[in-house]
Structures are given as structure tokens and as C-alpha cells.
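Undergrad: Pasting a predicted model and its sequence here:
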Amino acid sequence: MTRTNLLLLSNSTQHGRGYLAHALDTVTGFLPERARLAFVPYALADHDAYTAKVRDALAPCGIDVRGVHEDGAPLSSLAQADAVFVGGGNSFRLLSALYRTGLRDALRDAVRAGLPYMGASAGTNMAAPTLRTTNDMPIVQPPSFACLGLVPFQINPHFLDPDPASTHKGETREERLTEFLEENDVPVLGLREGSWLRVQEDRATLGGENPARLFTRGTRPRELPTGSDASELLTAQAHFDTVATHA
């Protein structure tokens with residue numbers, strides 16, 4: 001039996017506020033008291049600086065942040081933690097590192113066994129079945145697009161609405177997600193800045209400052225206000241084009 005406990009943030013930094021400041025009450029309420037938090041910094045190149053940034057933000061709250069890279073044994077660091085936080089950055093670089101270090105399988109198994117998982121941006125992408133709805137440039141090529149599969153639907157962090165005043169003629173985010181649904185039959189939850197999804201076993205609830213936008217094949221996108229019960233997504237049946245999703 002899985003005991004999924006997730007906090008999936010669209011972003012870690014809100015305009016005009018410090019790192020995690022916009023969600024700090026939710027973050028500290030999610031993490032166990034005086035938690036030993038394993039931080040996964042692989043989405044950025046400077047792991048030490050990234051870990052220090054997270055430590056500075058959470059240490060005043062009594063959270064002991066330890067980068068999984070710091071002792072050269074990421075699997076051991078994860079095993080000793082009370083919770084894990086996978087930070088944002090480039091999702092392709094992050095997933096490639098998870099495969100390389102063995103953390104992809106270790107994280108999936110630990111979270112399914114009850115380890116609290118917090119993700120932001122790229123870290124939130126990792127909770128989905130695949131990498132296919134990230135906004136990021138593929139600066140490296142991971143062995144597979146298969147992520148952790150902690151939820152059965154896709155997520156698009158940093159979801160942006162079309163700007164009617166823009167003269168840019170490239171695809172909008174909504175158009176790109178519609179293209180995804182032309183090839184794959186699985187819901188996509190667009191999380192706007194300042195929003196997050198809280199998952200506790202068979203219940204999912206939207207939180208934060210902005211509504212989410214839900215995309216499903218064959219229907220118009222719909223708005224999900226903050227506070228909405230999104231538990232129906234946890235029973236989604238995903239049907240992907242099979243190329244590069246196996247692991």
C-alpha cells in the first residue's frame with residue numbers, strides 16, 4: 001500500500017519575495033517538526049550554492065537541510081532523511097542526474113513508502129509520469145523521459161496565460177499543452193505562479209494564490225480555484241505515446 005505525501009509547488013521564488021517566502025507557512029506545515037531534509041540540488045550546476053540557499057531559507061524554521069551530494073553518497077543521505085525536497089532548475093539536467101545517481105528509483109520507492117516529498121518547478125515535474133510537459137530546454141539527454149510517477153497525471157509548473165497585448169506569434173503555453181494531448185491521453189494540471197498541489201494518499205487539494213488550469217483530451221480547459229478538491233486526478237488512466245517513456 002502506498003502512503004503518498006506530496007507538496008508540489010509551481011515555483012520556489014515569487015516576484016518581490018525571498019526564496020520560498022510565499023509558501024513558507026505551507027512548507028513548514030508540511031515538513032515534520034525539526035526535520036532532517038534531504039535536498040536534491042541537481043537541477044542547477046552549483047550544488048553547494050543551491051543547498052546553502054535552501055538552508056538559509058529553512059534553518060530559521062528549525063529545518064536541518066542536507067544536500068544529498070555533500071557526503072558523496074546520495075542514496076545514504078536520502079535513507080537518513082525525514083523528508084526530501086527536489087529543487088527547481090532545468091528538468092532535463094535533474095532527471096539525468098537522478099538516473100545517474102540511482103536516486104530516480106530510490107526516491108520513487110521511498111516516497112511510495114511514506115517519505116514526504118516536496119518539489120518546486122523541475123522538482124514538481126519529477127512527480128509526474130514523464131518529462132513531456134516541462135517548459136525547459138533539453139540541455140542534456142536523460143536515459144528516458146520517465147520520471148517518478150508519484151501522481152498519474154502530468155503537471156506544467158509556471159503555467160502562463162496568453163497575453164492579449166503580446167505581438168509574439170509563437171505558440172502559447174495552452175497551445176503547446178493541446179499539442180501534447182493530441183499525442184497523449186492524460187490530464188495536465190497547469191500550475192500558475194504562487195500555486196501548489198497538496199497530495200495526501202487519495203486526496204489532492206489546490207493551494208496558493210492563483211487558480212490552476214486543467215487540460216484533458218477532448219474537452220475545453222477548465223479553471224480549478226484555490227482550495228479545489230482535485231482528487232479525481234489521482235485516478236486518471238494515462239495513455240502515452242510509448243517512445244522514450246519506458247525505464
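TA: Thanks, I have the structure now. Numbering: from 1, shown residues only.
Undergrad: Work out which residue lies at the spatial centre of the protein.
TA: With distances taken as CA atoms, centre = their mean, the residue of the chain nearest its centroid is Thr124 (0.2 Å).
Undergrad: Tell me the pLDDT of that residue.
TA: Thr124 carries a pLDDT value of 98.
Undergrad: what's the closest non-adjacent residue to it?
TA: Once flanking residues are discounted, Thr124 sits nearest to Leu8: 4.3 Å by CB to CB, 6 or more residues apart in numbering. C-betas here are computed from N, CA, C, even on glycine.
Undergrad: how about that neighbour, secondary structure?
TA: Following DSSP: H, G, I helix; E, B strand; the rest coil, Leu8 is assigned to strand.
Undergrad: I'd like the distance from it to Val151, if you could.
TA: Distance, Leu8 to Val151, using CB to CB, to the nearest Å: 8 Å.
Undergrad: what do those two both touch?
TA: Shared contacts of Leu8 and Val151, defined by CB atoms under 8 Å, 6 or more residues apart in numbering, comprise 127, 199.
Undergrad: How much space separates the closest residue in space to Asn184 that isn't next to it in sequence from Gly149?
TA: Nearest-residue entry for Asn184: Phe240, 4.8 Å, with adjacent residues in sequence omitted and distances by CB to CB, 6+ apart. To Gly149, Phe240 is 11 Å away according to CB to CB.
Undergrad: Show me what counts as buried in the helix or strand hosting Thr28.
TA: Using DSSP states H and E, Thr28 falls within helix 24-30. By 16 or more other CB atoms under 10 Å, the buried positions in helix 24-30 come out as 24, 26-28, 30.
Undergrad: ok, back up a step: quick one, phi/psi of the residue nearest to the centre of the chain?
TA: phi -70, psi -40 (degrees, to the nearest 10).
Undergrad: before we move on, the earlier item: just checking, the residue nearest to Thr124 touches Ser121?
TA: No: between Leu8 and Ser121 there is no contact, the gap being 9.7 Å when judged by CB atoms under 8 Å.
Undergrad: Please name the residues that touch the residue nearest to Thr124.
TA: 118-119, 124, 127, 151, 155, 191, 196-199.
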